[in-house]
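Q: After the sequence you'll find the predicted model.
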Amino acid sequence: MKNTIKKQELVFGVHPLIELLKAKKRKLYTLYTTKPEPKAFAQLKKYWPKYPVNIQYVKREALHKLADSTDHQGFVAYAAPLQINTQFFNPEIHKNLVLLDGIQDPRNLGAIIRSAYCTGIDGIILCSKNSAPLTAAAIKASAGLAEHANFYIVPSIKAALELLKQAGYNIYLTTLDNGTNALTVEYKQPLCLVIGNEEKGISKETFGKGTKITLPQKTSDISYNASVAAGIFMFLIMNQK
């Protein structure tokens, strides 16, 4: 069952595969599923490509091993790599960005990507250092909407901030406290919203590099989940009149 085609990435779950086929940005090579086929296979067939896809029928336990998860919904596949931008974002075109500063949980990463898609964010900047990578688990957590996103990967948060500065982006730093109420801020484009680590928040390198904004909450001794907070911030920014 070893995959022999070069430059492939794992994808699992119904919605990730549907969105992969809908986006038409990368090729699906092999699909592993069970027999009889899961009911959701009918949904996949609506978007099935004209090019041939190798379908392999295996036991459910084999799918668990392939995905290294039981959350595959009966579908595990190998596809061409997810497309990543090779050039940094253009502030005249990509007016609203999100920079993830140390998000380490793939489920939080996926949830933030999902919210970015739903709110209309133009691009997402990821750091290869101290951050969760774009794995199949993260794509699954995004409900497959990572397939439609524009990504740019930088080696570090310092490199990201320098690129943003050079391009002329207004930077907004999300903090738990000591920031301006996010509801009262007049957001100026082009902009980049920085979302910090689940436990520590934004990194030391980021402080002083932009405008700090905070969500109002009942008490200061507990905070929103990182992906929940990110979704609220993105909604506020993208729906400001």
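A: That came in fine, so what should we check first? Only a predicted model underlies this, so the values are computations on that prediction, with no experimental measurement involved. Numbers count the residues shown, from 1 in each chain.
Q: give me the element the spatially most central residue of the chain is part of.
A: The residue lying closest to the centre of the chain (Cα atoms, centre = their mean) is residue 113, at 3.2 Å. Taking DSSP states H and E as the criterion, residue 113 maps to helix 106-119.
Q: Now do the next helix or strand after that helix: which elements does it pack against?
A: Following helix 106-119 in sequence order, the next helix or strand is strand 123-127 (DSSP H and E). Contacting strand 123-127 under the criterion 3 or more Cβ pairs under 8 Å, 6 or more residues apart in numbering; DSSP states H and E are the following elements: strand 96-101, helix 106-119, strand 151-154, helix 157-167. Using the backbone N, CA and C atoms, a C-beta is placed for each residue, glycine as well.
Q: Let me see the mean pLDDT of the shortest one.
A: Which is strand 151-154. For strand 151-154, the mean per-residue pLDDT is 97.
Q: of all the helices and strands packed on strand 123-127, which lies closest to residue 80?
A: Among those, strand 151-154 comes nearest to residue 80, with 14.9 Å by Cβ to Cβ.
Q: how about the helices in the protein?
A: For the chain, the helices defined by DSSP state H occupy 14-23, 41-45, 60-67, 106-119, 136-141, 157-167, 226-238.
Q: what about the second one, distance to the chain center?
A: It refers to helix 41-45. How far helix 41-45 lies from its chain's middle: 24 Å, per Cα atoms, centre = their mean, to the nearest Å.
Q: got the buried residues for it?
A: Neighbour-count burial for helix 41-45, counted by 16 or more other Cβ atoms under 10 Å, picks out 41, 44.
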